[in-house]
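J.: what shape does this take:
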Amino acid sequence: MATKRLVPLPYDEHQARPHKRPNVYDESPTHDEPANHAPTVKLSHEDYTIAWICALHLELAASRAMLDEVHEPLPAHDGDHNAYVLGRIAKHNVVMVALPMVYGKVNAAAVSTHLKRSFPNIKATLMVGIGGGAPGEANLYLGDVVVGIRVMEYDLGKAINDGDFQCTAVPKLPSPFLLSAAANLRSKHGMDQSSPRAQELMRTKLSRYSRPTEPDRLFQASYPHPSDAKTCDGCDASKQQPRLRRSTEDFLIHYGVVASGDSVNKDVSKRDMISRRFEAICFEMEAAGIMDSLECLPIRGICDYSDSHKNKASQDYAAATAASYARELLETIPSLTSGQAQPIVRDTAIITASPSPGAELIERRECFLGLLDFPQINARKDAIRAEQGKTCRWFLTHPKYLDWIDLRSYATGHSCLLWIRGKAGAGKSTLMKFLHSEVKKRQLGATVVSFFFNARGAYLEKSITGMYRSLLKQILTQFPDLQRILDQMEFSSTRESACPNLNGLKELFQHAIMALGRRSLICFIDALDECNEDDVRDMVHFFSDLTESATEEQVQFRVCFSSRPYPYIHVDEELVVTLENETGHSKDLEKYVQKRLQVPKKSVRDELQGQILGKASGVFMWVVLVVEILNKEAGRGGLALRRRLSEIPPTLSQLFKDILTRDQQRPEELRRCILWVLCAHRPLTPSEFCHAMWAGGLKDDQVDDEIPDAEDDQMNMALASSSSKGLVEVTKTAKKLSTVQFIHESVRDFLIKERGLQELWPDLSLEWEGPSHEILRSCCEAYLMHPTILAVIKGDRTTDTLVLEAPIMKTYALLEYASQHILDHANKAARSIAQEEFLARFFRLLGTEAMDRCQSVKIRRYGPTASQLYVLADKGLENLIPSELESLPSTPYDRALHFGHPLFAAMANNHKDAVARLLGLPSVIYEGENLMEGLGRRSNMANFRQRTPMSWAAQEGRFKLVQVLARNGHMIDIRDAGWKTPLQRAADNGHTKTIQFLLDNGANVNKLCFQNGADLQSGSSPSIDAAAGSGHLDIVEFLADKGANLDSGLRAAADKGHLNIVEFLLDKGADDLNSGLRRAAMRGHLNIVELLVDRDADPNCGLVLAAEVGHLDIVEFLAKKGADIHKLSLSGSSAQLLTPLIAASRCGHIGIVRFLLGIGADLNGRCMLGRTAQNWALAWGRSDVAVMLEQAAQNTSISAL
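T.: Below is the predicted model:
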């Protein structure tokens, strides 16, 4: 009995169907088979090395057209109900398969499992088909192809409190082999993201899959499709989302994250949320299921925008573009044989035996490791005090610790997470540092890494991003072979901003852990409560899932957290130790009091010890402070000590208040000390702190005018302790860098979170930051204005000695800080205290001198031409930027400044609030659009040199920004430093909407600006020049209708070789054919030369120019059309009249010389200087031409005889 072939069912769009998927199959395919469609080859299951999986019949139909030959089908294995299409593409034997009637992750997983069993030698798997786009920075259009470099199963998770859904998915990666192949093809395509080969395949093998005639419409997220409409023809066109226009109709190729779920997503808010969270640019339904058994590479053609609007007509086209890319990818891959393209092996012996990377790869890895690093990466751990005496040792025998540290256990339910909880000041960080040191010291066969959050540090010291960077740096440094996980990551330079974002770091961390093989890793992470709570929750669940996955793969990975009891975060299978409840911790407190309490009489000491331990509530820091207080009064006797202890509050916060308010000696000094430690832009060094305190006293006439010696470390330590009443100390890191900081983070909590500042100094009010920074600003000003320091700043200098030398900076310890950060304090003070008088005084007396003389990085210096506004914008000091900026619209581009203009400086440094203030807006969101979209890094500020804000915005097609600038008074028609108007910039880059706006608001379509500033209103049209030269036919048409000079556009189009634009302008009435011919002849555009001559251009106009440049084909054509080969015409390289032969001879174009001689060119013809072709050839060193001319002359003489 003959087997019935499956073919597509007729498709009815009105028929009910699940989601947006069409029906699958019934009889024979309607789309083209490959040219060699008759099966003539029969191979075995073992001969096929490439799997090509589709979800839908329309995807498979387009994919089949990619086959170079079709092979005979093979018998199915037991239980395998897949229907395979077998064939060859390039050098690969390929097995194609589509899902049966039901699609999605589960069914995809079943299909891939059967395929893997039936075809055992599959080395690479492609998932090829259509997907929904996530519009955003990727600027996707329908038909574009997305190649998934990782897959996120966004609907995998669990319900948590209040019914919320928590995603627990981890990234799934294609095989390293396919990622490498895709990266190689991507580099071949270059920056424009288009593929000539894929476009050729669309023309030759997929010609019936043309781009749909329906418009490509992306609607705003707030505008859903009307539920009763079957198409988008009736949708409101004004609700379309503005986006960057393309200059090509070719589909582009994007590489990014693919989000995979169980159902088609039509919810725009869900789309945007998932896209932001995972950086996804495409949605689909099968890849996650396949990747559980095969490490496939998803290749998706974009058929819609993952919304409710209708784009059915794009499905076939999108399936074809995906198939064309997939084929091109296979064409770049050598033939696969057994043993190639194997998955990563998690075994140490195999890992270490992998081939050594080349020098270029090693350099790239080292560069990436450098990006992970950041200043003070270990500062917090180094600053933590070591344990006292023999404290902390009890923890090494704690049952939960022993259970956790047992590296031999892979049992299900064995916890790899240990969590140490305790109150603020209980001693958690000290215990963590002790455990970290002990595990390393005891050599348990495990490698140890750690991160200690530092709430007093810079952003990376107290953020999840910094944690992942630090841990990765440690892991990859200690396990160099794991650095191979970096090879697929993308980065463009050694800038910090090029380091992967949080999702990328998590992905790298996961791969590093899962590639450990049989090696062991123990990770300590301290002070989770000093980081953002939401970030911590996400991180804890990520680590919980990761340890579970590691255990399943028998990877020995252990994690130890420490934090305060709140916020409470719970994960399954964790081991929790609460310090206050542990007997060992209580004994540590007892040991400390016994050793440190210096009371001579034993009975009194024992009594006090009992009372101290009774009130301590397990808080080590409280005990330390109380013991110190009692030791200071030890000589007053037992009664006084008992009374003093009874007066001491039982909590840390109350104790801090008691310490700070017990006496009122030097209250202003105390306040300055607290504010410097609390509000400084960065932690001060001891010498800086010494001079900062002195400057404050100088401001209040409380100290001598003589600058103190700040190099006495003992004096500085004593000053920090005495001025703060013991709540500030000098800490040292492993790099011997000392800073002045609070003795514990709980001091900061008391002052800010518990409003201790307002209790101590009511004049600071609830808005304490403004007055506090005003005090520090005035300290910095007093320091900089001191006569001695002012003389140093203003002192004689040359370019070579602009920056103050190190000994001077050391002598005047606060000079660098005060000069670089006085404006930061002023900016924060400006929230409640006016700063206009200070700014006028500062820039009048100091300008940028102090900042520049203390700035070692050259590009960060401002120089004498920098305006006050430029400095404020560059530093992002939005509160100091005036609310009304009358000068900004007329501010020119200054080549001496790094960014040239205040607005560019603010944008390049990602100072969003400063940008908003410069634009007179409450934020950078204007009419629903982010004016800073895509400008998060300096590298995104492309081509701003020599532009005005208006011309740059027009050039980049930032229409909303153009509108805002125009509203604020920026000139529509003013030229920039590159001598171009905004209209020219917009026309050059194809921004029609911007052009329309500029013309509607007074831009002159024919305005020409010369370098001397003069304007010319006729004879040329720079805007149409720009559009025609860049090949934007639609804009040329638009400008022509607006009265642009057609001849001007004709010259530009002919010069750049845009035949279609030349034809249009000629049909429109352009008549300066001869000028166009000169341009085309000089540039070598034969097709345009032919067109212009056919339209009656004078052939003589281009002959000399073509001969001079070397375009033989054009010379031959013009001669054939009757050009006078003896006529003198103006050359292009000099203002001289030459014959074609002379022009070709002096430039060495021997082929043209030969041709001209062959048709009778006059050897003795002379130029306006009286020289012949041979004279010029000899003068310009064209010996071969001179010889040819001499021989021709001799032959002519012989013929004459």
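J.: look up how far residue 152 lies from residue 265.
T.: 13 Å (Cβ to Cβ, to the nearest Å). Quick note: C-beta positions are derived from backbone N, CA and C, even for glycine.
J.: CA atoms only: put stretch 1137-1156 into CSV for me.
T.: What follows is stretch 1137-1156 as a C-alpha-only set of coordinates in CSV (Å, rounded to 0.1, in the frame of the first residue of the first chain):
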residue,chain,number,x,y,z
LEU,A,1137,43.9,72.8,-20.6
LEU,A,1138,45.0,69.3,-21.8
THR,A,1139,44.3,66.9,-24.6
PRO,A,1140,43.1,63.5,-23.6
LEU,A,1141,46.5,61.9,-24.7
ILE,A,1142,48.4,64.4,-22.5
ALA,A,1143,46.1,63.8,-19.6
ALA,A,1144,46.5,60.0,-19.8
SER,A,1145,50.3,60.1,-20.5
ARG,A,1146,51.3,62.3,-17.5
CYS,A,1147,49.2,60.1,-15.2
GLY,A,1148,50.6,56.9,-16.5
HIS,A,1149,47.5,55.2,-17.9
ILE,A,1150,49.2,53.2,-20.6
GLY,A,1151,46.1,51.4,-21.7
ILE,A,1152,44.3,54.6,-22.5
VAL,A,1153,47.4,56.0,-24.2
ARG,A,1154,47.5,52.8,-26.4
PHE,A,1155,43.8,53.2,-27.2
LEU,A,1156,44.1,56.9,-28.1
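J.: off-centre distance for that stretch?
T.: 54 Å (Cα atoms, centre = their mean, to the nearest Å).
J.: now stretch 878-895
T.: 29 Å.
J.: and that stretch, average pLDDT?
T.: Averaging pLDDT along stretch 878-895 yields 81.
J.: repeat that for stretch 505-515.
T.: Mean per-residue pLDDT for stretch 505-515: 91.
J.: just stretch 955-963 next, same as before
T.: Taken as a whole, stretch 955-963 carries a mean pLDDT of 91.
J.: span of it from start to end?
T.: 14 Å (Cα to Cα, to the nearest Å).
J.: show residues contacting it.
T.: Stretch 955-963 is contacted by residues 242, 244-245, 919, 926-927, 929, 931, 942-943, 947, 949-950, 953-954, 982, 985-986, 988-991, 993-994, 997-998 when judged by Cβ atoms under 8 Å, 6 or more residues apart in numbering.
J.: scan the chain for its longest helix.
T.: Counting residues, the longest helix in the chain under DSSP state H turns out to be helix 533-552.
J.: report pLDDT for residue 728.
T.: 91.
J.: can you pull the contacts of the residue lying closest to it once chain neighbours are set aside?
T.: Leaving out its chain neighbours, the residue that sits closest to residue 728 by Cβ to Cβ, 6 or more residues apart in numbering is residue 720, at 4.8 Å. Residues counted as contacts of residue 720 (Cβ under 8 Å, 6+ apart) are 673, 686, 689, 728, 729, 730, 740.
J.: which single one of these is nearest to residue 190?
T.: Checking the contacts of residue 720 against residue 190 with Cβ to Cβ, the nearest one is residue 740 at 52.6 Å.
J.: most surrounded residue in the contacts of residue 720?
T.: Tallying neighbours with other Cβ atoms under 10 Å puts residue 689 at the head of those, with 29 neighbours.
J.: lowest average confidence across helices and strands of this structure, where is it?
T.: helix 348-352 (a mean of 33; mean pLDDT, DSSP states H and E).
J.: so after that helix, what's the next helix or strand?
T.: The first helix or strand that comes after helix 348-352 along the chain, using DSSP states H and E, is helix 359-372.
J.: that following helix - what's its average pLDDT?
T.: 79.
J.: buried set for it?
T.: 364, 365, 368, 369, 371, 372 (16 or more other Cβ atoms under 10 Å).
J.: next one: stretch 964-974
T.: Counting neighbours by 16+ other Cβ under 10 Å, one finds that the buried residues in stretch 964-974 are 964, 965, 966, 968, 970, 971, 972, 973.
J.: and what of stretch 911-928?
T.: Neighbour counts over stretch 911-928 (16+ other Cβ under 10 Å) mark 911, 912, 913, 914, 915, 916, 917, 918, 919, 924, 926 as buried.
J.: contact partners for the nearest residue to the second one once chain neighbours are set aside?
T.: In space, not counting the residues next to it along the chain, residue 912 is nearest to residue 924; the distance is 5.0 Å by Cβ to Cβ, 6+ apart. Contacts of residue 924 were listed using Cβ under 8 Å, 6+ apart, and they are 912, 915, 916, 930, 931, 932.
J.: one more time with 10 Å, if that's ok
T.: 907, 911-916, 930-933, 935, 961, 964 (Cβ atoms under 10 Å, 6 or more residues apart in numbering).
J.: among those residues, which ones are in strands?
T.: Using DSSP state E, residue 930 are the members of the contacts of residue 924 that sit in strands.
J.: which of the contacts of residue 924 lies closest to residue 250?
T.: Among the contacts of residue 924, and counting by Cβ to Cβ, the member closest to residue 250 is residue 933, at 24.2 Å.
J.: pop out the phi and psi values for the closest one.
T.: phi -50, psi 130 (degrees, to the nearest 10).
J.: let me know how buried it is, in neighbour terms.
T.: 15.
J.: surely it is in contact with residue 136?
T.: Yes - judged on Cβ atoms under 10 Å, residue 933 makes contact with residue 136 at a distance of 8.9 Å.
J.: can I take it that the residue nearest to residue 728 is in a helix?
T.: Yes - per DSSP: H, G, I helix; E, B strand; the rest coil, residue 720 lies within a helix segment.
J.: could you pull out the helices for the stretch 751-900 of the chain?
T.: 756-760, 769-784, 787-794, 806-811, 815-829, 836-845, 849-853, 868-875 (DSSP state H, counting those that start in this stretch).
J.: redo the ones you listed as TSV? Include distance to residue 324, mean pLDDT and mean neighbour count.
T.: TSV is the format used below for these (distance: least, Cβ to Cβ, whole Å; pLDDT from 0 to 100; neighbours: other Cβ atoms under 10 Å):
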stretch	distance to residue 324	mean pLDDT	mean neighbour count
helix 756-760	66	87	18
helix 769-784	59	94	22
helix 787-794	65	91	15
helix 806-811	62	87	13
helix 815-829	54	95	22
helix 836-845	61	93	14
helix 849-853	56	90	22
helix 868-875	47	93	23
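J.: wait, which of those helices is closest to residue 281?
T.: helix 868-875 (32.8 Å).
J.: and the closest one, C-alpha only, in PDB?
T.: Only the C-alpha atoms of helix 868-875 are listed here, as PDB (Å, rounded to 0.1, in the frame of the first residue of the first chain):
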ATOM      1  CA  GLN A 868      30.900  77.700  33.200                       C
ATOM      2  CA  LEU A 869      27.900  76.000  31.500                       C
ATOM      3  CA  TYR A 870      30.200  73.500  29.700                       C
ATOM      4  CA  VAL A 871      31.900  72.500  33.000                       C
ATOM      5  CA  LEU A 872      28.500  72.000  34.800                       C
ATOM      6  CA  ALA A 873      27.100  70.000  31.900                       C
ATOM      7  CA  ASP A 874      30.200  67.800  31.600                       C
ATOM      8  CA  LYS A 875      30.100  67.000  35.400                       C
END
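J.: who does it touch, helix- and strand-wise?
T.: helix 815-829, helix 836-845, helix 902-908, helix 912-918 (3 or more Cβ pairs under 10 Å, 6 or more residues apart in numbering; DSSP states H and E).
J.: and of these, who's closest to residue 1035?
T.: Using Cβ to Cβ, the helices and strands packed on helix 868-875 put helix 902-908 closest to residue 1035, at 25.8 Å.
J.: grab the nearest non-local neighbour of residue 129.
T.: residue 59 (3.7 Å).
J.: for that neighbour, what are its contacts?
T.: Residue 59 touches 22, 52-53, 96, 98-99, 127-130, 300-301, 315-316, 318-320, 322-323, counting by Cβ under 10 Å, 6+ apart.
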